[in-house]
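Student: What follows is a predicted structure for the sequence shown.
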Amino acid sequence: MNIGILGSGDVGRRLGDGFIELGHNVKIGSRDPNKNDIAQWVSRHGTDEGKASSGTFSQAASFAELAVLATSWDGIPNAIKIADHKNFVGKIVIDVTNPLDFTKGAPPRLAVGHTDSGGETVQRLLPQAKVVKAFNITGNPHMVHPNFPGGPPTMFVCGNDDNAKKIVTDMFLTPFGWETVDIGGLEGSRLLEPLAMLWISHYFKTNNGNHAFKLLRK
Ligand SMILES: NC(=O)c1ccc[n+]([C@@H]2O[C@H](COP(=O)([O-])OP(=O)(O)OC[C@H]3O[C@@H](n4cnc5c(N)ncnc54)[C@H](OP(=O)(O)O)[C@@H]3O)[C@@H](O)[C@H]2O)c1
C-alpha cells in the first residue's frame, strides 16, 4: 500500500520505518522535502528501491492510499491546507497528533479538551476522510515493536468508521506488536489526548520515555 505521512519529525520517520518494514511504500511530506533529516531517512532505506521517498504535503497526500497526520498540532491547519483536503476524500487518515500547547513552556498543556478534541478537529477539517486516532498515547521509540517485559501494551483507538479502525489494527497495530482496544467513535479522542498528557507528564517527571499503558482484565 502507498502511505503518505504528513510530518517529518521523529513520529513520521519512525512510523515510516515500521510501514516500510511491513512492505509498504512511504512518502513523507514536509514544507522542505529535501531537508537533512528526511534525506537521511530516505537514504537509510536506499536499498528498498522506491519504498521510501519524500515530497511536499500535497505530494504525500495525493500519493497516499492511506494517510498519516504527524505534524505538530499548530501545524495541522496549514499542512492540511497545503496538502488540499480533496486529496484525503474517502481515505483512512491516522491521526497521531496531540493538541499540545507549548506557549507556557514544557511540559505542555492540552489546547482543546472536555467537549472537543484534536481528533474531532481533524475530522472537521477532513470531513470526507475516515479519521482514526491511534499511536498518540506512546512515545515514538515504542510505536513500532513496543517490547516491554510486562507483555504487549495496549493501544486504544477510536474513530467513526469501524472498518477503518479494523484495517489500522490488522495492518499495523497488531503486526507491530500492540494489543488494540477500540473505544468507539472519534469523540474518544477526548479521553485519548488527556491519556497522552499522562504519558508526557510521567516522561517529564522521570526523564525517561520507557513506559506504556496496558489494560488488565480478569
Ligand atoms: N514525539 C513523540 O514521541 C510523539 C508521540 C505521540 C504523539 N506525538 C504527536 O505527533 C505529532 C508529531 O510529533 P513529532 O515529535 O514527530 O514532530 P513535531 O516536531 O511535533 O512536528 C514536526 C512536523 O510538524 C510540521 N510543522 C510544524 N509547523 C508547521 C506549520 N506551521 N505548517 C505545516 N507543518 C508544520 C513540520 O513540518 P516541516 O517538515 O515542514 O518542518 C514537521 O513535519 C505531534 O502532534 C505530537 O504531539 C508525538
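Tutor: Cool, the structure landed. Numbers count the residues shown, from 1 in each chain.
Student: Quick check, central residue of the protein?
Tutor: Centroid check for the chain by Cα atoms, centre = their mean gives residue 96 as the closest residue, at 2.6 Å.
Student: Mind checking what secondary structure residue 53 has?
Tutor: What DSSP: H, G, I helix; E, B strand; the rest coil gives for residue 53 is strand.
Student: hang on, it packs against residue 42?
Tutor: Yes. Between residue 53 and residue 42 there is a contact at 6.3 Å, judged by Cβ atoms under 8 Å. For the C-beta atoms, the positions are set from N, CA and C on the backbone; glycine is no exception.
Student: Overlap in contacts, those two.
Tutor: Here residue 53 and residue 42 have residue 28 as joint contacts, going by Cβ atoms under 8 Å, 6 or more residues apart in numbering.
Student: Quick check: the residue nearest to the centre of the chain touching residue 11?
Tutor: Yes. Applying Cβ under 8 Å as the test, residue 96 and residue 11 come out as touching, 5.6 Å apart.
Student: Now the top helix by length along the chain: buried residues?
Tutor: Of all the segments of type helix in the chain, defined by DSSP state H, the longest one is helix 189-206. Buried residues in helix 189-206, counted by 16 or more other Cβ atoms under 10 Å: 189-197, 199-200.
Student: residues from the chain in reach of the ligand?
Tutor: Within the chain, the positions lying close to the ligand (Cβ under 6 Å from any ligand atom) are 7-12, 30-32, 70-73, 75, 78-79, 96-98, 100, 136, 139-140.
Student: Now intersect those residues with the helices, please.
Tutor: 10-12, 78-79.
Student: Give me the buried subset of those residues.
Tutor: 11-12, 79.
Student: And the buried ones among the residues of the chain next to the ligand, selectable in PyMOL?
Tutor: Remark: buried members of the residues of the chain next to the ligand, expressed as a PyMOL selection using 16+ other Cβ under 10 Å:
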select buried, resi 7+8+9+11+12+30+70+71+72+73+75+79+96+97+98+100+136+139+140
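Student: Would you mind listing the two of the ones in helices among the residues of the chain next to the ligand that lie farthest apart?
Tutor: Maximum pairwise distance among those (Cβ to Cβ): 19.6 Å, between 10 and 78.
Student: which residues of the chain fall in strands?
Tutor: Using DSSP state E, the strands found in the chain span residues 2-6, 25-29, 52-55, 66-69, 92-95, 100-101, 109-110, 130-133, 154-159, 179-182.
Student: So which residues make contact with the last one?
Tutor: It refers to strand 179-182. 152-158, 162, 165, 169, 173-174, 214-215.
Student: Take those and write them to JSON lines, including neighbour count.
Tutor: Conversion of the contacts of strand 179-182 to JSON lines gives the following (neighbours: other Cβ atoms under 10 Å):
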{"residue": "152", "neighbour count": "17"}
{"residue": "153", "neighbour count": "19"}
{"residue": "154", "neighbour count": "17"}
{"residue": "155", "neighbour count": "27"}
{"residue": "156", "neighbour count": "21"}
{"residue": "157", "neighbour count": "25"}
{"residue": "158", "neighbour count": "25"}
{"residue": "162", "neighbour count": "12"}
{"residue": "165", "neighbour count": "23"}
{"residue": "169", "neighbour count": "20"}
{"residue": "173", "neighbour count": "21"}
{"residue": "174", "neighbour count": "14"}
{"residue": "214", "neighbour count": "12"}
{"residue": "215", "neighbour count": "10"}
